[in-house]
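**Student:** Next input, structure requested:
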Amino acid sequence: QVQLMESGGGLVQAGGSLRLSCAASGNTFSINLMGWYRQAPGKQRELVATISSGGSTNYADSVKGRFTISRDGAKNTVSLQMNSLKPEDTAVYYCNVKRGLYDLAYWGRGTQVTVST
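**Tutor:** Residues are numbered from 1 along each chain as shown. Okay, the predicted model is just below:
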């Protein structure tokens, strides 16, 4: 099992910045992909950004150029720097990791990000 602990959510004005962090613990051997998803009220959970063990990144079009994902493999942490935040970025953000041969997925409990106008 992998346990994920997220931190860094909160309330920010439009145009502001927040940094989310996620620390993985437990059976962290062979973590392949780490990333962030988000779910706004009434909407489906969507991918925000992912980063592979080799450092390759993938971003949703809606956050490209504003968000940056990074990873510390030694500490098993993944972070999401969010700049130029918009009200439509308001959502619960979930940390996600995939590990092992079959890419078993694990989820954090989520952290609320609210962007006010």
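
**Student:** For the helix or strand containing N58, report the contacting residues that lie outside it.
**Tutor:** Using DSSP states H and E, N58 maps to strand 57-59. Strand 57-59 is contacted by residues 35, 47-51, 67, 69 when judged by Cβ atoms under 8 Å, 6 or more residues apart in numbering. C-beta here means a position set from N, CA and C on the backbone, and glycine is covered the same way.

**Student:** 7 Å instead?
**Tutor:** Applying Cβ atoms under 7 Å, 6 or more residues apart in numbering, the contact partners of strand 57-59 are 49-51, 67, 69.

**Student:** filter those to the buried ones?
**Tutor:** Buried by 16 or more other Cβ atoms under 10 Å: 49-51, 67, 69, out of the contacts of strand 57-59.

**Student:** in its sheet, what does the strand holding N58 sit against?
**Tutor:** Strand 57-59 has the following strand partners under DSSP bridges: strand 46-52 (antiparallel).

**Student:** then the partner strand to CSV, C-alphas only?
**Tutor:** Extracted in CSV, the C-alpha atoms of strand 46-52 (Å, rounded to 0.1, in the frame of the first residue of the first chain):
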residue,chain,number,x,y,z
GLU,A,46,-9.7,15.4,-14.6
LEU,A,47,-6.0,15.2,-15.1
VAL,A,48,-4.0,18.3,-14.3
ALA,A,49,-0.4,17.1,-14.7
THR,A,50,1.8,14.0,-14.4
ILE,A,51,5.5,13.4,-14.2
SER,A,52,7.2,10.1,-14.9
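
**Student:** List the contacts of stretch 97-112.
**Tutor:** Outside stretch 97-112, the residues touching it (Cβ under 7 Å, 6+ apart) are 2, 4-9, 20, 22, 24, 30-34, 92-96.

**Student:** Now that stretch: buried residues?
**Tutor:** For stretch 97-112, the neighbour count (16+ other Cβ under 10 Å) marks 97-99, 106, 108, 110-111 as buried.
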